[in-house]
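Visitor: turn this into a model:
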Amino acid sequence: MEPLIYAMIFMGAALMIYNIIQYVRFIREMKWLQHTSADRLKLSFPLVLLVLFFAGYLFVGILGKPDLVIGGILFGGSLFVLIIMQLLHFIIARVNRDEQLQEALDAAQRASQAKSIFLSNMSHDIRTPMNAIIGYTQLARREGVSEEEMRAFLGKIDDSSQYLLALINDVLEMSRIESGKMDLEPFDVDLLCILQNVRDLFTEQMAQKQIAFTVEHKNLDDRYVTCDPHLLNRVLMNLLSNAYKFTPEGGEVAVTLTQTGRTEPAGQNADKTAAGIYELRVRDNGIGMQPEFAQHIFEAFERERNTTDSGIQGTGLGMSITKNIVDLMGGTITLETEPGRGTEFTVRMTFPVVSDLANLRTCHEAQEVEVHSVSFAGRRLLLVEDNEVNREIAMMILEEKGFLLDVAENGQIAVDRIRDAVPAYYDAILMDIQMPVMNGYEASRAIRALNVPGRADIPIIAMTANAFQEDIRTEREAGIDAHITKPIDVRELIQTLTEVLERGINR
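Guide: Okay, the predicted model is just below:
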């Protein structure tokens, strides 16, 4: 009988060691419960008891004279603690699962609420310009409308169309950001050129509103850097557009770019280039923001009530896009604002410094080419477009400029026409991308593969609703030379044709 008694005692001690280990793990898992020293004491007290019980088992087993009852009690106690520990783990697991389910439910409810807010805002923001477009179109169709009234109607239709297009672009850009499809495309650029271009773009608008507009730079020792000029320009445009909209006549808007430091590579990074640290400030003395709204300014579709009541238009996406772009560039953006006193946004960024200026994009390259520098009379284009309305619009614009046009309804017809035409018959090709039978990418690759001078090297210009950077990269890989985004902007179309045809002359 005695071996059985000692076996029960030492088996109970072994179980108690296992229980102690399990309880230590339990305490570590429950760190979120240990807010204060009192909480930690409460969780540690059972551990002390378990250790004392284990010491008691050893004392009885080694120094005591246990009987069958004592052995059974000690073994049963360890077994009971084991069962309680397993039950405790089961309960905690159920609680954690219920909490996860509740968090998932809360997230789903927030997503549903955000979707409802999104649809409500989109409905309002789309219907407002659409109402203007439809309304002024109906007014323009009335009999007896004077030429002056017609011009006024068309101007308002154009303004509403541009606003609607900006809304669509913002929504698509937010979609790209949220899906992780927005990438940086860095180039060697001159920061002063970016400032100059933005200043030139806004000077006339600010003057019309009698806003004092200044663009300054300070301590710009490293003006040549590597960055994505398109996205940096977008940040500046968004911040200045906001400042312009929310600053009344006679106000002030100031842009200041300051270099605040420079980092030199060292140690393992000695082979890398130096980096400049920059601070971009856009300040206005406009209507400002309430503190409650300022906390949510970078959230999508957030607009302050007084801006919508005052009739100031905005998609509510600009600041969210700006914040995401700044994050993508590895920078930070903050703001200081006060109702009635204005707002100041501060963007802090770090860019690699450029020492070799061979690949630098200069200010001259960013300027527009004079559209009258090339005569279009007698120039022949192949217009590849499957949509009848789009064909008609493009033909009216181009024929008015003196172009001779041939039309292809899909990419396959375009390839056949180029193959059958005499070399250099066409001066350029305007290529839609999404078409039946053969799309624009496939058609461009097929034309480049003809290997006949005057056919394979014809300039190809994509004229498409595909407007993202990844679309332009795919076009380049297919051999397309330039890109025009639909809806067609006549100035952009003529400028792009001028640049392409000038390059053709200089070959």
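
Visitor: how far does the helix or strand that Ile194 is a member of sit from the chain's center?
Guide: Using DSSP states H and E, Ile194 falls within helix 191-208. The chain centre lies 24 Å from the centre of helix 191-208; the measure is Cα atoms, centre = their mean, to the nearest Å.

Visitor: equivalent analysis for stretch 18-26, please.
Guide: Its chain's C-alpha centre and that of stretch 18-26 lie 48 Å apart, by Cα atoms, centre = their mean.

Visitor: list the buried residues for it?
Guide: Across stretch 18-26, burial judged by 16 or more other Cβ atoms under 10 Å covers Asn19, Ile20, Gln22, Tyr23, Phe26. Any C-beta I mention is one placed from the backbone N, CA and C, and that applies to glycine too.

Visitor: and what of stretch 321-334?
Guide: Buried, per 16+ other Cβ under 10 Å, within stretch 321-334: Ile321, Thr322, Lys323, Asn324, Ile325, Val326, Met329, Gly331, Ile333.

Visitor: quick one: distance of it to the chain centre.
Guide: With Cα atoms, centre = their mean as the basis, stretch 321-334 stands 9 Å off its chain's centre.

Visitor: and that stretch, what's its mean pLDDT?
Guide: Computed over stretch 321-334, the mean pLDDT rounds to 92.

Visitor: what about it, how long is it end to end?
Guide: Terminal residues of stretch 321-334 lie 14 Å apart, using Cα to Cα, to the nearest Å.

Visitor: from the rest of the structure, what touches that stretch?
Guide: The contact list for stretch 321-334 (Cβ atoms under 8 Å, 6 or more residues apart in numbering) reads 170, 173-174, 177, 182, 184, 227-228, 231-232, 234-235, 238-239, 298, 345-350.

Visitor: taking the residues you listed one by one, which sit in helices?
Guide: When these are checked against helices (DSSP state H), the matches are Asp170, Glu173, Met174, Ile177, Leu231, Leu232, Arg234, Val235, Asn238, Leu239.

Visitor: what's the farthest-apart pair in those residues?
Guide: By the measure Cβ to Cβ, Met174 and Leu232 form the most distant pair in those, at 18.6 Å.

Visitor: more neighbours: those two, which one.
Guide: Counted by other Cβ atoms under 10 Å, Met174 and Leu232 do not tie: Leu232 has more neighbours, with 23 against 19.

Visitor: could you look up the SS state of the residue nearest to Leu165 when sequence neighbours are not counted?
Guide: Distance criterion Cβ to Cβ, 6 or more residues apart in numbering; nearest residue to Leu165, sequence neighbours excluded, is Pro487 at 6.5 Å. What DSSP: H, G, I helix; E, B strand; the rest coil gives for Pro487 is coil.

Visitor: circling back: dump the buried residues of stretch 18-26 into JSON lines; add secondary structure as well.
Guide: Shown next, in JSON lines, are the buried residues of stretch 18-26 (three-state DSSP):
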{"residue": "Asn19", "secondary structure": "helix"}
{"residue": "Ile20", "secondary structure": "helix"}
{"residue": "Gln22", "secondary structure": "helix"}
{"residue": "Tyr23", "secondary structure": "helix"}
{"residue": "Phe26", "secondary structure": "helix"}
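
Visitor: pLDDT score for the closest residue to Thr263 other than its chain neighbours?
Guide: Nearest non-adjacent residue to Thr263, counting by Cβ to Cβ, 6+ apart: Ala275, 4.8 Å away. Listed pLDDT for Ala275 reads 93.

Visitor: got the domain ranges for this structure?
Guide: Domains of the chain are assigned by automatic domain parsing as 1-181, 188-264+273-366, 380-505.

Visitor: tell me which two in the buried residues of stretch 321-334 are the farthest apart.
Guide: Most distant of the buried residues of stretch 321-334, by Cβ to Cβ, are Ile321 and Gly331, 14.2 Å apart.

Visitor: by mean pLDDT, flag the weakest helix or strand of the protein.
Guide: Sorted by mean pLDDT, DSSP states H and E, the helices and strands of the chain end with helix 305-309, the least confident at a mean of 45.

Visitor: gap between the helix or strand following that one and the chain center?
Guide: Sequence-wise, the next helix or strand downstream of helix 305-309 (DSSP H and E) is helix 318-328. Distance of helix 318-328 from the chain centroid (Cα atoms, centre = their mean) equals 6 Å.

Visitor: mind listing what Val389 touches?
Guide: Listed by Cβ under 8 Å, 6+ apart, the contact set of Val389 is empty.

Visitor: quick revisit: list only those of the contacts of stretch 321-334 flagged as buried.
Guide: In these, burial by neighbour count holds for 170, 173-174, 177, 182, 227-228, 231-232, 234-235, 238-239, 298, 345, 347-350, counting by 16+ other Cβ under 10 Å.
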